[in-house]
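Asker: my questions are about this predicted structure, shown below with the sequence.
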Amino acid sequence: MERVVVTGIGLVTPCGVGTQVTWRNVVEGKSGVRRITLFDATGYPTTIAGEVPDFEAERFIPKKKLKEMGRFSHLAVAASRLAWDDAGFGENQAPSPEVLERAGTFLGVGLGGLEGLYQQSITLHEKGPGRISPYFIPSVIGNLAGGQVAMALGLKGPSYANTSACASSAHAVGEAFEWIRRGRAPMMVAGGAEATITGLGIGGFSAMFALSRRNDAPEKASRPWDAGRDGFVCAEGAGVLVLESLTHAQARGARIYAEVRGYGASCDAYHLTKPAPEGEGAQRAMRAALEDAQIAPDAFDYVNAHGTSTPHGDVEEARAIEHVFGAHASDHKLWVSSTKSVMGHLLGGAGGVEAAICALAIAEDTVPPTINLDDQDPAVKLDLVPHAARSRRLRHTMSNSFGFGGTNASLVLSRFEA
């Protein structure tokens with residue numbers, strides 16, 4: 001079995017366009033949640049979201065190709081190019097043709113081109129089928145995020161979209177990890193993207209009473225585990241990792257952020273949207289990841305929790321972590337935080353971003369904070385790193401992602417040791 005390492009990271013998030021600017025703002029606890037500008041949200045119950053600021057797709061994509069893609073693909077290509085460059089594959093430095101033949105793209109997407117679907121529905125209704133764009137279908141289907149990245153980077157190995165709601169990109173990273181360690185690919189571009197800050201997206205989540213309505217203080221709205229939380233904040237963006245076999249990475253002298261050690265997945269088989277009591281399904285995903293990594297629970301230093309800021313979900317995940325990590329968690333030897341407090345919930349893109357955050361935390365010996373945690377829910381006993389980042393040498397971390405339909409994924413990322 002091949003060992004798998006992270007050699008490149010690309011982040012395009014509400015905290016900034018670029019890995020370092022995102023990381024800096026996450027660590028400093030600078031919220032990327034603001035009033036919606038991507039559409040007129042007047043009259044909506046929720047008028048705030050985590051939009052990517054000052055995003056210019058033409059920086060990353062030839063202008064003539066922009067019309068082929070929905071915004072989620074624009075974000076995916078941008079993050080992938082950043083990760084590719086970060087891994088050392090700039091112009092004239094591409095992998096060999098033999099490697100590109102087998103290197104693939106697994107990018108998770110939850111909802112895909114929601115805005116394009118809405119707009120073309122209006123076109124059909126008002127102008128008839130003859131006016132539908134020929135780019136309509138390719139611009140909205142989820143797998144075209146990875147497909148466009150593959151074309152942009154020349155990656156000819158496996159390419160498909162994992163679609164499992166808010167666990168989509170965590171599953172994508174986990175599956176890419178599996179392909180590499182079994183020797184089926186030397187390298188994968190993996191992660192995910194989402195762009196659902198649209199009238200239909202915000203309206204739909206609002207109809208479910210899932211979103212925070214703290215419209216008068218956007219930066220305070222996402223508050224995981226706080227007693228005053230009232231729902232999650234919808235966000236957009238992309239998080240992409242370049243994963244390589246250790247053999248390939250060392251052969252080219254690559255910088256290594258972290259090692260992917262384990263992957264676990266499960267299904268609650270319980271409810272459409274609510275997690276199972278005590279986070280039972282989440283427990284099984286975490287335990288599967290621990291077993292896969294062959295690392296004891298008390299060896300872990302940090303968990304980047306799903307932590308969405310919903311009244312029910314936050315408590316059940318905390319209970320699941322307590323069950324899995326036992327006294328190590330309840331005695332506060334394990335630190336847990338939610339970076340969704342800073343950027344909101346990227347839905348299908350969240351797992352890729354948060355796996356990247358774990359890799360950066362390991363590389364920088366820094367645990368990002370949970371901001372807005374002013375009054376911790378008394379039902380939660382964990383150390384949630386409130387308000388300010390902390391320094392700590394991290395050996396082993398876990399990233400959790402859970403989604404509607406009871407789908408769960410957990411990833412273990414560890415400090416690389418030769």
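Answerer: Sure, I can see it.
Asker: list the contacts for Pro158?
Answerer: Gly104, Thr105, Phe106, Trp179, Arg184, Ala185 (CB atoms under 8 Å, 6 or more residues apart in numbering). C-beta coordinates here come from the backbone N, C-alpha and C atoms, glycine included.
Asker: rerun at 6 Å
Answerer: Gly104 (CB atoms under 6 Å, 6 or more residues apart in numbering).
Asker: how far away is it from Gly352?
Answerer: Noted for Pro158: a distance of 17 Å to Gly352, by CB to CB, to the nearest Å.
Asker: please apply the same query to His312.
Answerer: His312 is 25 Å from Gly352, by CB to CB.
Asker: looking at these two, which one has more neighbours?
Answerer: Set His312 next to Gly352 and count neighbours by other CB atoms under 10 Å: Gly352 wins out with 36 against 10.
Asker: can you list the low-confidence ranges for the stretch 201-350 of the chain?
Answerer: Across the stretch 201-350 of the chain, nothing is flagged by pLDDT under 70.
Asker: so who does the closest residue in space to Gly32 that isn't next to it in sequence touch?
Answerer: Leaving aside its sequence neighbours, Gly32 sits nearest to Pro14 (CB to CB, 6 or more residues apart in numbering; 3.0 Å). By CB under 6 Å, 6+ apart, Pro14 lies in contact with Gly32, Gly50, Val52, Ala235, Met343.
Asker: Leu241 falls within a strand, correct?
Answerer: Yes: assignment of Leu241 by DSSP: H, G, I helix; E, B strand; the rest coil places it within a strand.
Asker: can you count the residues close to it?
Answerer: So Leu241, with other CB under 10 Å, has 35 neighbours.
Asker: one more: Leu117?
Answerer: 18.
Asker: hang on, it packs against Val140?
Answerer: Yes: using CB atoms under 6 Å, Leu117 is in contact with Val140, at 5.2 Å.
Asker: which SSE is the most centrally placed residue in the chain in?
Answerer: Closest to where the C-alpha atoms of the chain average out (CA atoms, centre = their mean) is Ala350, at 2.2 Å. Secondary structure assignment for Ala350, by DSSP states H and E: helix 350-364.
Asker: which other helices and strands contact that helix?
Answerer: strand 4-13, helix 168-181, strand 237-245, strand 302-304, strand 396-403, strand 407-414 (3 or more CB pairs under 6 Å, 6 or more residues apart in numbering; DSSP states H and E).
Asker: now for the helix or strand following it, which elements pack on it?
Answerer: Heading C-terminal from helix 350-364, the first helix or strand you meet, by DSSP H and E, is strand 366-367. The helices and strands touching strand 366-367, judged by 3+ CB pairs under 6 Å, 6+ apart, number zero.
Asker: swap in 8 Å and give it another go.
Answerer: Counting contacts by 3 or more CB pairs under 8 Å, 6 or more residues apart in numbering; DSSP states H and E, strand 366-367 packs against strand 390-391.
Asker: next one: the strand it packs on to chain centre, how far?
Answerer: Relative to its chain's centre, strand 390-391 lies at 22 Å (CA atoms, centre = their mean, to the nearest Å).
Asker: who does that strand pair up with?
Answerer: Here strand 390-391 is paired, per DSSP bridges, with strand 366-367 (antiparallel).
Asker: where do the strands of the stretch 201-350 of the chain begin and end?
Answerer: Taking DSSP state E, counting those that start in this stretch as the test, the strands found in the stretch 201-350 of the chain are 237-245, 258-267, 302-304, 335-337.
Asker: tell me the most buried of the ones you listed?
Answerer: A comparison of those by mean neighbour count, using mean count of other CB atoms under 10 Å, puts strand 237-245 on top with a mean of 31.
Asker: report all helices and strands that that one contacts.
Answerer: strand 4-13, helix 71-86, helix 168-181, strand 187-194, helix 350-364.
Asker: how about CSV for these, with distance to Trp335 added?
Answerer: Shown next, in CSV, are the helices and strands packed on strand 237-245 (distance: least, CB to CB, whole Å):
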stretch, distance to Trp335
strand 4-13, 20
helix 71-86, 26
helix 168-181, 20
strand 187-194, 24
helix 350-364, 10
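Asker: so of these, which one's packed in deepest?
Answerer: strand 187-194 (a mean of 35).
Asker: next, format the helices and strands packed on helix 350-364 as JSON lines and append distance to Ala269.
Answerer: Formatted as JSON lines, the helices and strands packed on helix 350-364 follow (distance: least, CB to CB, whole Å):
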{"stretch": "strand 4-13", "distance to Ala269": "29"}
{"stretch": "helix 168-181", "distance to Ala269": "17"}
{"stretch": "strand 237-245", "distance to Ala269": "28"}
{"stretch": "strand 302-304", "distance to Ala269": "24"}
{"stretch": "strand 396-403", "distance to Ala269": "13"}
{"stretch": "strand 407-414", "distance to Ala269": "10"}
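Asker: mind checking those for the one nearest to Ser133?
Answerer: strand 237-245 (23.2 Å; CB to CB).
Asker: partner strands of that closest one, with direction?
Answerer: Sheet pairing for strand 237-245, assigned by DSSP bridges, gives strand 4-13 (antiparallel), strand 187-194 (antiparallel).
Asker: and Ala361, how far from Arg393?
Answerer: Distance from Ala361 to Arg393, by CB to CB: 11 Å.
Asker: distance of Ala190 relative to Lys64?
Answerer: 28 Å.
Asker: repeat that for Pro297.
Answerer: Distance from Pro297 to Lys64, by CB to CB: 52 Å.
Asker: for Trp23, same thing?
Answerer: Taking CB to CB, one finds Trp23 at 33 Å from Lys64.
Asker: quick one: buried residues of stretch 43-63?
Answerer: Using 16 or more other CB atoms under 10 Å as the test for burial, stretch 43-63 gives 44-52, 55, 57, 60-61.
Asker: restricted to strands, list those residues.
Answerer: Ile48, Ala49 (DSSP state E).
Asker: what's Met208 in contact with, if anything?
Answerer: Applying CB under 8 Å, 6+ apart, the residues near Met208 are Thr273.
Asker: repeat that with 10 Å
Answerer: Met208 sits next to Gly231, Leu272, Thr273, Phe404 when contact means CB atoms under 10 Å, 6 or more residues apart in numbering.
Asker: likewise for Pro297?
Answerer: Contact criterion CB under 10 Å, 6+ apart gives 286-287, 290, 321, 324-329, 334, 396, 398 as the residues in contact with Pro297.
Asker: which residues are in contact with each of Leu117 and Val140?
Answerer: Joint contacts of Leu117 and Val140 (CB under 10 Å, 6+ apart) are Gly70, Leu111.
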